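> Mind folding the following:
(chains A, B, C and D)
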2 protein chains.
Amino acid sequence: MDDFHDPRQNHLLAALPGDDYARIAPYLELIPMELGEVLYESGTQMRHVYFPTDAIVSLLYVLEDGASAEIAVVGNEGIVGVSLFMGGETTPSRAVVQSAGRAYRLSGQVLKKEFDRVGGRRSGALHNLLLRYAQALLTQMAQTAVCNRHHSLDQQLCRWLLLSLDRLQVNELVMTQELIANMLGVRREGVTEAAGKLQRAGVIEYRRGHITVRDRPGLEARACECYAVVKREFDRLLPEVEEIL
Amino acid sequence: MDDFHDPRQNHLLAALPGDDYARIAPYLELIPMELGEVLYESGTQMRHVYFPTDAIVSLLYVLEDGASAEIAVVGNEGIVGVSLFMGGETTPSRAVVQSAGRAYRLSGQVLKKEFDRVGGRRSGALHNLLLRYAQALLTQMAQTAVCNRHHSLDQQLCRWLLLSLDRLQVNELVMTQELIANMLGVRREGVTEAAGKLQRAGVIEYRRGHITVRDRPGLEARACECYAVVKREFDRLLPEVEEIL
DNA sequence: CCCTATATGCGCGACAGCGAACAGACGCGG
DNA sequence: CCGCGTCTGTTCGCTGTCGCGCATATAGGG
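All right, here's what the predicted structure looks like:
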């Protein structure tokens, strides 16, 4: 978490070949993101995509009655705003900053131009990379759907903590139980109870808005299979990321 | 439902400009599909994509313990096998025929070649069309996730019936309650009860594996918002379909 | 350093959906 | 036209989560 900041702390940007990266690099703007900030609202036209470095963004779906649920989470392994290059321009979801940090912003026009570029190689590297990322996102959403249906709040909390942890450089999350409840689409009291169990078991420790993970293997053991499936699929679809780090 | 069969009964194929369509038409094979047939298993390499005409295919996710849930449904508005052109080759889901009928099969190689084609126009029409379809699929999955979390079995059954109905030419579904329960990821008894309510209300009528919808507006009134959101998004993303029909 | 907004803990009753078990009813195939 | 396999209807207790209300603890700004 030093002050020197490089777009390539985002894995997608890091995975781009030198010349592909060089073409978009001049357009990347470093943007700080605060907890709770809304990057885009359901149905609104987006102007930019975001490549998080140390921030985490949740894709939330909000129902008419105000109830909500997280459908996917994006950290430094991904990009916020896939609908810009998929062609739809908008999505019926909301993007909210779940963990403060920074991201690189890129104008939608520049991204699209590069995405559609048909340069020396067949289709550009960015094109293939983003499509594979979109598929990984599809998997994450599918898994969320099934998990919502079949798994207990306890298991889901573990899954959620692990997903967040993977996208952070530290083992402490700044996050209230109320917010977690919003993400998971459950009652706050339910989170309190589940978190209490984990604390008593020595897996996590928390105090007013701060959760520290003490026993990651323990967390993995209590999580449902959904965490592992999603992680495996991300690793499979985006292997460049592993090679580099 | 005459015997003359045209690939263009699939809306994606119908939406392709003449010359784009002409290039892949010779490779399209008409395939009959029986109820319950598995098009591909989770994690297996796919050789073909399928463009249903009067069949309906469910994308199911099956958990380790055998529990399952439908994450999306594909009829003549779509294509089965998006991961082939997204670049992942496989997905961790299973494709099952939910309603018998026919589909046109296309070799993955031919599809990919056309998908990556950079012909006269910018990127090919197929490319844009399929990406927009993929985004619609993303929306459907997201909505399924939220629906699983927040809505009652009764509402979900209505949503599911409507989604199926939209993809059929008739108002009768050949489908047991047991199968519906598998799709929704609930107990069979739950479906029996929910269906009983609908029958008593005169909205549907059923007998051993056959469900007939009598009052579609009634069904829509009882469904959650999820149905309308998904339908609206499909119409927005794939407008060509409406223009043609 | 205190005070207040905010975060967490807990205790109800209510209820939807689960799991298992079984009875009846339909309809296809022989 | 008969029989059996399959589909549907119904029961019971159980668990997990909800919805509400309220008590208590904590941190950080004035």
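> from here on, contacts and neighbour counts on C-alpha atoms
Fine.
> And the pLDDT at the residue nearest to A:Pro17 when sequence neighbours are not counted?
Leaving out its chain neighbours, the residue that sits closest to A:Pro17 by CA to CA, 6 or more residues apart in numbering or on different chains is A:Ala125, at 7.3 Å. At A:Ala125, the model reports a pLDDT of 89.
> do the same with A:Met141
pLDDT, A:Met141: 97.
> can you pull the contacts of it?
The contact partners of A:Met141, taken as CA atoms under 8 Å, 6 or more residues apart in numbering or on different chains, are A:Ile71, A:Ala72, B:Leu138, B:Met141, B:Ala142, B:Ala145.
> before we move on, what about A:Ala67?
If you count contacts by CA under 8 Å, 6+ apart, then A:Ala67 has A:Asn182, A:Gly185, B:His150 around it.
> Quick check: beta-bridge partners of the residue nearest in space to the middle of chain A?
Geometric centre of chain A, nearest residue: A:Val74, 1.3 Å, by CA atoms, centre = their mean. Judged by DSSP bridges, the bridge partners of A:Val74 are A:Val57.
> so it touches A:Ile56, yeah?
Yes - under the criterion of CA atoms under 8 Å, A:Val74 makes contact with A:Ile56 at 5.8 Å.
> Look at the residue nearest to A:Pro17 and say how many residues are nearby.
Neighbourhood size, A:Ala125 [other CA atoms under 10 Å in any protein chain shown]: 20.
> so what's it up against?
Contacts for A:Ala125 (CA under 8 Å, 6+ apart) come out as A:Leu16, A:Pro17, A:Asp20.
> A:Cys224 contacts A:Gln155, correct?
Yes - using CA under 8 Å, A:Cys224 makes contact with A:Gln155 at a distance of 5.4 Å.
> And the helices in chain A, which stretches?
A:11-14, A:18-24, A:82-86, A:108-116, A:125-150, A:153-166, A:177-184, A:188-200, A:216-222, A:225-237, A:240-244 (DSSP state H).
> is chain B contacted by the third one?
To tie it back to what came earlier, the one meant is helix A:82-86. Yes - interface with chain B: helix A:82-86 contributes A:Ser83, A:Met86 (CA under 8 Å from any CA of the partner chain).
> Show me what that helix is packed against.
helix A:108-116, helix B:125-150 (3 or more CA pairs under 8 Å, 6 or more residues apart in numbering or on different chains; DSSP states H and E).
> give me that answer again for 7 Å
helix B:125-150 (3 or more CA pairs under 7 Å, 6 or more residues apart in numbering or on different chains; DSSP states H and E).
> quick check: angle from the helix it packs on to helix A:177-184?
Interaxial angle of helix B:125-150 relative to helix A:177-184 (axes from the mean of the first three to the mean of the last three CA atoms, to 10 degrees): 130 degrees.
> and the angle from helix B:125-150 to helix B:108-116?
Going by the same axes, to 10 degrees, helix B:125-150 makes 100 degrees with helix B:108-116.
> returning to that earlier point: which single one of the contacts of A:Met141 is nearest to DNA strand C?
Checking the contacts of A:Met141 against DNA strand C by CA to the nearest atom of the strand gives B:Ala145 as the nearest, at 14.2 Å.
> And that closest one, what's its pLDDT?
97.
> Tell me if I'm right that it and A:Thr144 touch.
Yes - under the criterion of CA atoms under 7 Å, B:Ala145 makes contact with A:Thr144 at 6.0 Å.
> So for the two, which residue has more residues nearby?
A:Thr144 (28 against 25).
> tell me the contacts of that one?
A:Thr144 is in contact with A:Ile71, B:Ala145, counting by CA atoms under 7 Å, 6 or more residues apart in numbering or on different chains.
> DNA strand D versus that one, what's the distance?
Per CA to the nearest atom of the strand, to the nearest Å, A:Thr144 is found 14 Å from DNA strand D.
> distance of that residue from A:Val97?
19 Å (CA to CA, to the nearest Å).
> Kindly report the same for A:Gly196.
A:Gly196 is 25 Å from A:Val97, by CA to CA.
> more neighbours, the two?
A:Val97 (21 against 15).
> which ones are touching the more buried one?
A:Val97 makes contacts with A:Met33, A:Glu34, A:Leu35, A:Gly36, A:Glu37, A:Val38, A:Ile56, A:Val57, A:Ser58, as judged by CA under 7 Å, 6+ apart.
> what does chain A put close to DNA strand D?
A:His151, A:Ser152, A:Leu153, A:Asp154, A:Gly185, A:Val186, A:Arg187, A:Glu189, A:Gly190, A:Arg207, A:Arg208 (CA under 7 Å from any atom of the strand).
> at 6 Å instead, please
Within chain A, the residues that sit near DNA strand D (CA under 6 Å from any atom of the strand) are A:Ser152, A:Leu153, A:Val186, A:Arg187, A:Gly190, A:Arg207, A:Arg208.
> Against chain B, how distant is the first one?
In this structure, A:Ser152 and chain B are 11 Å apart, going by CA to the nearest CA, to the nearest Å.
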